[in-house]
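Novice: got a predicted model here, sequence first, then my questions.
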Amino acid sequence: MAGFTMIEMMVVLAVLAILAMTALPSYYTRVVRQQIEGMGPLVAVAEAPVAAAWRMTQALPADNAAAGLPSADKMVNNYVSNVAVVNGAVNVTFGNRAVGALAGKVLTLRPAVVSDAPQVPVTWVCGNAQAPKNMTLMGANQTTVPIPYLPLECK
């Protein structure tokens, strides 16, 4: 009678378990990054009036109301529980259906400007990234998303 012994089956199961355990962290990281990317439409809504304020007045709005936006708790989606403008910086707080690694964490997008040339468009700098050469970052970075989960442009 041909077949597999119990030991052979256990070895195969052990190998499959090891392979699954090595693949799981990379899959989880991908899920987290996809949820971070899901903030895009809300962030675009917040960035536009901040950039327009800089272009027109060379000043950044202090909060959502000054930017002409709804209150922070009304700017939500599947993975974002609020979007708050604080002195020009856009702070995105993850929540709602966000995975545990993101729930309650903040990702800040700060405007980078050329102070003496307001006609130069605002560049948005994500998280812990540095400003482009000859530009000044405005607003405070309040990013609390763990570094391994940040997109490359935010590190």
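Specialist: Thanks, I have it. Numbers count the residues shown, from 1 in each chain.
Novice: from here on, just use CA atoms for contacts and neighbour counts.
Specialist: Fine.
Novice: quick one: the helices in this structure, in order.
Specialist: Assigned by DSSP state H, the helices in the chain fall at 6-37, 40-57.
Novice: which one of those helices has the poorest average confidence?
Specialist: Within the helices of the chain, confidence is poorest for helix 6-37, with a mean of 85 (mean pLDDT).
Novice: okay, buried residues for that one please.
Specialist: 32-33, 35-36 (16 or more other C-alpha atoms under 10 Å).
Novice: how about JSON lines for those residues, with distance to residue 93 added?
Specialist: Formatted as JSON lines, the buried residues of helix 6-37 follow (distance: C-alpha to C-alpha, whole Å):
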{"residue": "32", "distance to residue 93": "14"}
{"residue": "33", "distance to residue 93": "14"}
{"residue": "35", "distance to residue 93": "12"}
{"residue": "36", "distance to residue 93": "10"}
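Novice: about what we covered before: so which of the helices of the chain gets nearest residue 69?
Specialist: With C-alpha to C-alpha as the measure, helix 40-57 is the member of the helices of the chain nearest residue 69 (7.1 Å).
Novice: thinking again about what came up before, out of the helices of the chain, the one nearest residue 145 is which?
Specialist: helix 6-37 (9.7 Å).
Novice: now do the closest one: distance to the chain's middle.
Specialist: Averaging C-alpha positions (C-alpha atoms, centre = their mean, to the nearest Å) puts helix 6-37 25 Å from its chain's average.
Novice: stretch 122-141 now?
Specialist: Centroid separation for stretch 122-141 versus its chain: 15 Å, with C-alpha atoms, centre = their mean.
Novice: repeat that for stretch 25-40.
Specialist: So, by C-alpha atoms, centre = their mean, the centroid of stretch 25-40 is 9 Å from its chain's centroid.
Novice: got the CA positions of that stretch in PDB?
Specialist: Extracted C-alpha coordinates of stretch 25-40, given in PDB (Å, rounded to 0.1, in the frame of the first residue of the first chain):
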ATOM      1  CA  PRO A  25       3.900  40.400   7.600                       C
ATOM      2  CA  SER A  26       4.500  41.600   4.100                       C
ATOM      3  CA  TYR A  27       0.800  41.100   3.300                       C
ATOM      4  CA  TYR A  28      -0.200  43.000   6.400                       C
ATOM      5  CA  THR A  29       2.100  45.900   5.500                       C
ATOM      6  CA  ARG A  30       0.600  46.000   2.100                       C
ATOM      7  CA  VAL A  31      -2.900  46.200   3.600                       C
ATOM      8  CA  VAL A  32      -1.800  49.100   5.900                       C
ATOM      9  CA  ARG A  33      -0.200  51.000   3.000                       C
ATOM     10  CA  GLN A  34      -3.400  50.600   0.900                       C
ATOM     11  CA  GLN A  35      -5.400  52.000   3.700                       C
ATOM     12  CA  ILE A  36      -3.000  55.000   3.900                       C
ATOM     13  CA  GLU A  37      -3.400  55.500   0.200                       C
ATOM     14  CA  GLY A  38      -7.200  55.600   0.800                       C
ATOM     15  CA  MET A  39      -6.900  59.000   2.500                       C
ATOM     16  CA  GLY A  40      -6.100  60.600  -0.900                       C
END
